[in-house]
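Visitor: What follows is a predicted structure for the sequence shown.
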Amino acid sequence: AQRVTQPEKLLSVFKGAPVELKCNYSYSGSPELFWYVQYSRQRLQLLLRHISRESIKGFTADLNKGETSFHLKKPFAQEEDSAMYYCALSAGTDKLIFGTGTRLQVFP
Amino acid sequence: DAGITQSPRHKVTETGTPVTLRCHQTENHRYMYWYRQDPGHGLRLIHYSYGVKDTDKGEVSDGYSVSRSKTEDFLLTLESATSSQTSVYFCAISESHKGTAANEQYFGPGTRLTVT
């Protein structure tokens, strides 16, 4: 079965510390993976997708097919990064499977 | 923000009453989705539509029905609301282009529904 696992419900760091939000997926085919972010009182929005191999707001994510992971990383966290982050998988259909989300808290 | 609105934004209703939530888009996107967001469960797909009058069930469709009579509107109905349906409901739209921005979804602002 296709599944997305985000093992951490909450991740707390201090400003300037590195951040890594974990995402593992289960899918035997060629996955398309996304990170969505939801800032307080705002709607969900796409942060980045693996096919673009881009860096958005200092965040990067690399697809590791061997480890079936798509972890989100940022070398130096900022307070404005505090939000809910969702990893999502497209498993060959027009639907997305979301993980349970990780809340990132960045303290000053 | 993509042109997606949801109405109402907040609703409190009693157990057993019918409730209809509306999602309206101005982007002319083909795909529309209804999710519910609950702590510990993340986002779960309720129903989705891949065209006018074309809908299909998602992961948590029991107790919900949908209709899409025109491209811009996607309605979610709780025929007889229960307390377990207290949640935040999000609508999303997508114009899937395989090989490019496949499955990027744009979300509405959400509807907070409380069933007492």
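Guide: Nice, I can see it. Numbering: from 1, shown residues only, chains lettered A, B, ... in the order given.
Visitor: who does A:Arg49 bridge with?
Guide: Beta-bridge pairing of A:Arg49 under DSSP bridges involves A:Phe34.
Visitor: what pLDDT does it get?
Guide: Predicted confidence (pLDDT) for A:Arg49: 88.
Visitor: mind listing what it touches?
Guide: The neighbourhood of A:Arg49, defined by Cβ atoms under 8 Å, 6 or more residues apart in numbering or on different chains, consists of A:Glu32, A:Leu33, A:Phe34, A:Trp35, B:Ala101, B:Glu104. All C-beta spots, glycine's among them, are computed from the backbone N, C-alpha and C.
Visitor: what's the answer for B:Arg44, then?
Guide: By Cβ under 8 Å, 6+ apart, the contact list for B:Arg44 reads A:Phe98, B:Tyr35, B:Arg36, B:Gln37, B:Asp38, B:Gly58, B:Glu59, B:Val60.
Visitor: how close does the residue nearest to the third one when sequence neighbours are not counted get to chain A?
Guide: Closest residue to B:Arg36 apart from its sequence neighbours, by Cβ to Cβ, 6 or more residues apart in numbering or on different chains: B:Ser87 at 4.3 Å. Distance, B:Ser87 to chain A, by Cβ to the nearest Cβ, to the nearest Å: 14 Å.
Visitor: Check B:Ser80 too.
Guide: 27 Å.
Visitor: Wait, that residue touches B:Gly16, no?
Guide: Yes. Checked against Cβ atoms under 8 Å, the pair B:Ser80 and B:Gly16 is within contact range at 5.3 Å.
Visitor: Identify the bridge partners of the spatially most central residue of chain B.
Guide: When chain B is reduced to its mean C-alpha position, the nearest residue by Cα atoms, centre = their mean turns out to be B:Trp34, at 2.3 Å. Here B:Trp34 shows beta-bridge partners B:His47, B:Cys91, assigned using DSSP bridges.
Visitor: One more: B:Thr13?
Guide: Counting by DSSP bridges, the residues bridging with B:Thr13 are B:Val115.
Visitor: so it makes contact with B:Val115?
Guide: Yes. Judged on Cβ under 8 Å, B:Thr13 makes contact with B:Val115 at a distance of 5.7 Å.
Visitor: who touches both of the two?
Guide: B:Val19, B:Ala81.
Visitor: out of the two, which sits in the more crowded spot?
Guide: More neighbours sit around B:Val115 than around the other of B:Thr13 and B:Val115, counting by other Cβ atoms under 10 Å in any protein chain shown; the figures are 19 against 16.
Visitor: Could you report the separation of the more buried one from B:Val12?
Guide: For B:Val115, the distance to B:Val12 (Cβ to Cβ, to the nearest Å) stands at 8 Å.
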